[in-house]
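1. below are the sequence and a predicted model; questions follow.
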Amino acid sequence: MDVREAIAKRKSVRAYVDRPLSDEDLKTIVEAGRWAPNSGPFLITVLRRPDLKQRLDEVTHRAMLESGVEFLQMRASLPGYRPLYGAPVVVLLTTPSDAPRGPKDCALSAANMILQATELGISSCFIASPGLGLAAQPELATELGLPEGHAFQCAVLLGYPADRDPYSNPDRQPKGAVNYVD
């Protein structure tokens, strides 16, 4: 699969089966994140521990319901909705709190991981909602091994898709306008 094919094939999957990724595939995906263009330090934390994933999921779900943001409240109120969508792997990306380009560095790392996962036949989803949960329960960051003084930027879910995915858009189309200046 070439890059163009991976870009076109990639989609956000929001329902996963309980099937672990191989250590080799996970290492390949994480390494792709480390090769992303960047301008400062960032940390990739790979979360596979079921009890901590469940806790992050629950805290994030509660924070979404209490956020005061209509879309997040509506999404979190859907029957059976879980913010981490049952993904076997949750990759958290953080930067030092004072890193001026931290969100961009982490987004680029996430994009590399998502494209590498696609090439390997592994599904993914870029999410930001765990930031709500970590803000609501900062002590959870310590349990997840996130260094003090680091800020959550984004996360990538990794796994194999469930047969039924009620939360994803099956009709993916290119977005964004294009302006050529010649």
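-> Yep, it's here.

2. which non-adjacent residue is nearest Ser168?
-> Arg14 (4.6 Å; Cβ to Cβ, 6 or more residues apart in numbering). Quick note: C-beta positions are derived from backbone N, CA and C, even for glycine.

3. which strand or helix spans that neighbour?
-> Assigning secondary structure by DSSP states H and E places Arg14 outside every helix and strand.

4. wait, it touches Arg164, no?
-> No. Contact criterion Cβ atoms under 8 Å: Arg14 and Arg164 do not qualify, at 10.7 Å.

5. just to revisit the earlier point, and the residue nearest to Ser168, what does it touch?
-> Tyr85, Cys125, Asp165, Tyr167, Ser168 (Cβ atoms under 8 Å, 6 or more residues apart in numbering).

6. and these, which is closest to Ile29?
-> Cys125 (13.4 Å; Cβ to Cβ).

7. packing partners of whichever strand or helix holds that closest one?
-> Per DSSP H and E: Cys125 is located in strand 123-127. Applying 3 or more Cβ pairs under 8 Å, 6 or more residues apart in numbering; DSSP states H and E, we find strand 123-127 packed against helix 102-119, strand 150-159.

8. make a markdown table out of those and add mean pLDDT, mean neighbour count and distance to Lys53.
-> As requested, the helices and strands packed on strand 123-127 are exported to a markdown table (pLDDT from 0 to 100; neighbours: other Cβ atoms under 10 Å; distance: least, Cβ to Cβ, whole Å):
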| stretch | mean pLDDT | mean neighbour count | distance to Lys53 |
| --- | --- | --- | --- |
| helix 102-119 | 97 | 22 | 17 |
| strand 150-159 | 97 | 23 | 10 |
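
9. between those, which one is closest to Leu134.
-> strand 150-159 (5.1 Å).

10. chain center to the closest one, what's the gap?
-> 4 Å (Cα atoms, centre = their mean, to the nearest Å).

11. partners of that strand, with directions?
-> strand 89-96 (antiparallel), strand 123-127 (antiparallel) (DSSP bridges).

12. so which residue is smack in the middle of this protein?
-> Against the mean C-alpha coordinate of the chain, by Cα atoms, centre = their mean, the closest residue is Val156 at 2.1 Å.

13. rewinding a little: report the angle between the axes of the strand holding Cys125 and helix 102-119?
-> 170 degrees (axes from the mean of the first three to the mean of the last three Cα atoms, to 10 degrees).
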